[in-house]
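K.L.:
Got a sequence here, can you model it:
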Amino acid sequence: MIYIREDYPVLKKKNIILANNNASLKLEIEKHVEKERQSEDLIKSLKDELEKVKRELNNEKKKAEDLASDFEQVALTAVVKTRGELMTEYKEGKYVDWDVDGEIETYCAHMGLDVDSEGAEKLEDASVANIEEAAAEIHDFGATKDCEEPHANA
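P.N.:
Presented below is the predicted three-dimensional model:
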């Protein structure tokens, strides 16, 4: 008992120092807890933003696929309609003096195609290939062959 009485002032000072240290540590822990809560809130908001951007990207991909499909349909409709009109007008005799073979050669020369006597079949295959190529190009979100960035109108 005498030992405790003699060390009481020293123990009391140590207790006060420890209580002060404990209080400062509690304040420090509260700061860290607040920072952790803010970080969690930031992470949650960033995850929400990421999900929003992913949804928008999926919507834009769907729109691009729809546009490519619409483009392909319009191109094919134009080709079919034009060919039908030409055939009808040719059958009606409006173009009796029309040099079809010469026009095909001119078209192929302009398009850089090589056409022989069976040019109509190859021309049709080339036209379909050109349409498919253009549709694929539009499907790639408007990117052109020469650059990787989307076209300004895409």
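
K.L.:
Quote the end-to-end distance of stretch 93-101.
P.N.:
Taking CA to CA, to the nearest Å, the first and last residues of stretch 93-101 lie 17 Å apart.

K.L.:
Pull out the buried residues from it.
P.N.:
Buried residues in stretch 93-101, counted by 16 or more other CB atoms under 10 Å: none are found. All C-beta atoms are positioned from the backbone trio N, CA, C, and that covers glycine.

K.L.:
mean confidence score for that stretch?
P.N.:
The predicted model gives stretch 93-101 an average pLDDT of 74.

K.L.:
swap in stretch 53-61?
P.N.:
Stretch 53-61 comes out at a mean pLDDT of 96.

K.L.:
Likewise for stretch 71-83?
P.N.:
For stretch 71-83, the per-residue pLDDT averages 88.

K.L.:
got any ranges where this protein has weak pLDDT?
P.N.:
Across the chain, the stretches falling below the confidence threshold (pLDDT under 70) are 1-6, 96, 114-154.

K.L.:
Tell me where it has helices.
P.N.:
Counting by DSSP state H, residue ranges of the helices within the chain are 2-91, 100-111, 119-139.

K.L.:
Would you mind finding the most buried of the ones you listed?
P.N.:
helix 119-139 (a mean of 15; mean count of other CB atoms under 10 Å).

K.L.:
Send me stretch 74-88 as CSV with only the CA atoms.
P.N.:
As requested, C-alpha coordinates have been extracted for stretch 74-88 and formatted as CSV (Å, rounded to 0.1, in the frame of the first residue of the first chain):
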residue,chain,number,x,y,z
VAL,A,74,-32.0,1.8,-98.1
ALA,A,75,-29.0,1.0,-100.3
LEU,A,76,-30.5,-2.4,-101.4
THR,A,77,-33.9,-0.8,-102.0
ALA,A,78,-32.3,1.9,-104.1
VAL,A,79,-30.4,-0.7,-106.1
VAL,A,80,-33.5,-2.8,-106.7
LYS,A,81,-35.7,0.1,-107.5
THR,A,82,-33.2,1.6,-109.9
ARG,A,83,-32.6,-1.7,-111.7
GLY,A,84,-36.3,-2.3,-111.9
GLU,A,85,-36.9,1.1,-113.4
LEU,A,86,-34.1,0.7,-115.9
MET,A,87,-35.4,-2.7,-117.0
THR,A,88,-38.9,-1.4,-117.3
